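S.K.: Generate a structure from the sequence data that follows.
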Amino acid sequence: MHANLFMKISTLIVIAATLAFINLSGVAEDPQVIPKPPAEAVVDVTKPWPSPEVVQGIKIPAPRSKKEVEAVRGAVPPISPEESQRPFRIVLCAAVKDAGHNGVGFHDYPIWRERWTKILGEVPGVTTEPADQWPTAEQFRKADVIAFFHNNPVWDATKVPELDAFLARGGGLVFLHFSMNGNREPKALAERIGRAWTGNKWLRGDVQLKYSPHEITKGFPESDIRPEEPYWNLFGDGQGTTTIAAMDADGAAQPQVWSMERGGGRVFVCIPCHFTWTHDDPLFRVLAYRGFCWSAKRPLNRLDAAIYTGARVVEP
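M.R.: Reported below is the predicted structural model:
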């Protein structure tokens with residue numbers, strides 16, 4: 001009797017151990033499950049993004065006058081019917097908001113990507129695609145211009161060949177605000193876009209941008225004051241860059257917008273677009289869209305049809 005009981009207990013122990021091993025093995029072999037972010041609200045691109053009146057202690061600026069914007073647009077000759085229909089492939093690369101920037105109204109990378117993917121995609125002949133963190137190999141192969149707006153979370157030396165190959169075939173690169181973050185490879189990034197962020201100087205408040213003569217600044221005023229977040233004292237000496245706009249700080253002009261040519265391609269960098277409301281400023285859009293077009297070697301006003309879609313503008 002005792003022997004039978006012992007055997008039954010032993011059998012139960014073996015079965016339990018086997019089930020435990022199977023369960024543990026299953027956990028070890030299953031791929032890591034990463035919770036998906038909650039679905040974002042449907043974006044109405046016909047209206048400006050509803051930014052708070054005050055963000056990080058900064059009051060939202062007044063909307064632009066359409067008359068002011070039209071004066072700038074009018075400095076560029078009309079686009080030809082052929083160019084207005086020529087295929088233009090744009091990739092907009094963003095990521096989730098970075099740590100330390102979880103508030104509302106700034107570093108809203110996913111909002112920018114969703115809005116501009118839709119807004120620019122409405123321009124005849126333009127195809128837009130979103131990318132998360134870094135473009136795919138297929139996007140690098142097909143895009144005319146790739147725009148980044150994020151904290152450059154996956155940048156490292158392994159990404160260098162893709163940028164170099166894209167530029168070598170004549171592709172255009174656009175880096176907005178914190179996407180110039182060099183992470184652990186600032187030298188490699190600065191060599192390709194002129195300068196890189198490594199934890200340098202910055203401020204938040206009214207910034208007077210002074211525009212330099214350039215194809216992109218045709219029609220722009222000599223200067224413009226808006227609340228933004230500029231960076232300076234960056235990694236890299238800006239070799240090969242052309243300053244498009246600068247601000248005065250530390251007794252010198254500090255480049256905030258610049259262009260450069262590398263290989264067969266072009267690069268456009270614009271730092272002052274921290275706030276979400278800036279992306280709905282039609283004059284900023286003229287500057288940024290021209291940067292897209294210049295980088296892709298297209299007429300500067302190729303994307304003008306998207307300037308006022310959901311923009312913060314008033315008549316006249």
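S.K.: From residue 85, how far off is residue 244?
M.R.: In this view, residue 244 and residue 85 are 28 Å apart by Cβ to Cβ, to the nearest Å. Heads up, the C-betas are built off the backbone N, CA and C, glycines and all.
S.K.: same check, this time on residue 241
M.R.: Summarising the geometry, the distance separating residue 241 from residue 85, computed by Cβ to Cβ, is 33 Å.
S.K.: Have a look at these two and say which one is more surrounded.
M.R.: residue 241 (18 against 11; other Cβ atoms under 10 Å).
S.K.: can you count the residues close to the spatially closest residue to residue 253 that is not a sequence neighbour?
M.R.: Computed as Cβ to Cβ, 6 or more residues apart in numbering, the closest residue to residue 253 that is not its neighbour in sequence is residue 246, at 4.1 Å. Here the neighbour count serves as a burial measure; for residue 246 (other Cβ under 10 Å) it reads 21.
S.K.: And for residue 87?
M.R.: As a measure of burial, residue 87 has 8 neighbours, counting by other Cβ under 10 Å.
S.K.: Repeat that for residue 74.
M.R.: In terms of burial, residue 74 registers 12 neighbours under the definition other Cβ under 10 Å.
S.K.: Next: residue 261.
M.R.: Residue 261: 13 neighbours (other Cβ under 10 Å).
S.K.: any idea which strand is longest in the protein?
M.R.: The strand that spans the most residues within the chain, counting by DSSP state E, is strand 252-262.
S.K.: Low-confidence stretches in the stretch 201-316 of the chain?
M.R.: Along the stretch 201-316 of the chain, no part satisfies pLDDT under 70.
S.K.: all helices of it, in order?
M.R.: For the stretch 201-316 of the chain, the helices identified by DSSP state H, counting those that start in this stretch occupy 282-295, in order along the chain.
S.K.: Nearest the middle, which residue of the protein would you pick?
M.R.: In the chain, the C-alpha closest to the average C-alpha coordinate belongs to residue 149, at a distance of 1.4 Å (Cα atoms, centre = their mean).
S.K.: Tell me the bridge partners for the nearest residue to that one once chain neighbours are set aside.
M.R.: Using Cβ to Cβ, 6+ apart and skipping residues adjacent in sequence, the residue nearest residue 149 is residue 176, 4.3 Å away. Residue 176 has these beta-bridge partners by DSSP bridges: residue 270.
S.K.: Brilliant, that's me finished.
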